[in-house]
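**Q** here are the coordinates; sequence isn't available:
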């Protein structure tokens, strides 16, 4: 049973500019996609999360999975962030939060007791057929990449009939 309304449904398709050119989600059919939304480049939590995904690059490659990071930051900001931390995956720019909104990763949040609108740290694991298989909302960074890895491994085992 799905824990999130998007689980078990086709992932909302999109095309966004990225540090590697235009990214169209449908172009990744046949591979597992780890789509993560984060608030801002070069902030402590976002840097830790990006570097954790980077440090697991060998695992993603072995599992034929791709990581895509999305925030509202500009491509220029993304490129500097990517270069500074040697990130081996594209960072996508969603300046108006249109894609984030479709995924439920943009909305009201509370920071230091103040209510505001912003990116809600979220990760979506999309299977090779383009179906959202697992959603992590309001992500806590520590240990998150390990949990994502467990889900991706399980998906690959299911796909192989193991």
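**A** Received it, and whenever you're ready, just let me know what you need. Keep in mind that this is a model prediction, so the values were computed, not measured.
**Q** how about the closest residue in space to residue 24 that isn't next to it in sequence, what does it touch?
**A** Leaving aside its sequence neighbours, residue 24 sits nearest to residue 15 (Cβ to Cβ, 6 or more residues apart in numbering; 4.5 Å). Glycine gets a C-beta too; all of them are placed from N, C-alpha and C. Residues near residue 15 by Cβ atoms under 8 Å, 6 or more residues apart in numbering: 22, 23, 24, 25.
**Q** Buried among those residues? Make that a ChimeraX selection.
**A** The ChimeraX selection below is limited to those of these classed as buried (16 or more other Cβ atoms under 10 Å):
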select :23,25
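**Q** Please tabulate the contacts of residue 15 in TSV and include distance to residue 144, pLDDT and secondary structure as additional columns.
**A** Formatted as TSV, the contacts of residue 15 follow (distance: Cβ to Cβ, whole Å; pLDDT from 0 to 100; DSSP: H, G, I helix; E, B strand; the rest coil):
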residue	distance to residue 144	pLDDT	secondary structure
22	28	97	strand
23	22	97	strand
24	26	97	strand
25	21	98	helix
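**Q** Would you mind giving the contacts of residue 15 as CSV with distance to residue 118 added?
**A** Putting the contacts of residue 15 into CSV (distance: Cβ to Cβ, whole Å) gives the following:
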residue, distance to residue 118
22, 25
23, 22
24, 26
25, 23
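**Q** And the helix or strand harbouring residue 84, what's buried?
**A** Taking DSSP states H and E as the criterion, residue 84 maps to helix 75-85. Burial within helix 75-85, assessed by neighbour count using 16+ other Cβ under 10 Å, is assigned to 75, 77, 78, 81, 82.
**Q** downstream neighbour of it in the secondary structure list?
**A** strand 91-93.
**Q** helices or strands up against the helix or strand where residue 124 lies?
**A** Assigning secondary structure by DSSP H and E places residue 124 in strand 122-126. Judged by 3 or more Cβ pairs under 8 Å, 6 or more residues apart in numbering; DSSP states H and E, the packing partners of strand 122-126 are strand 32-37, strand 132-136, helix 144-159.
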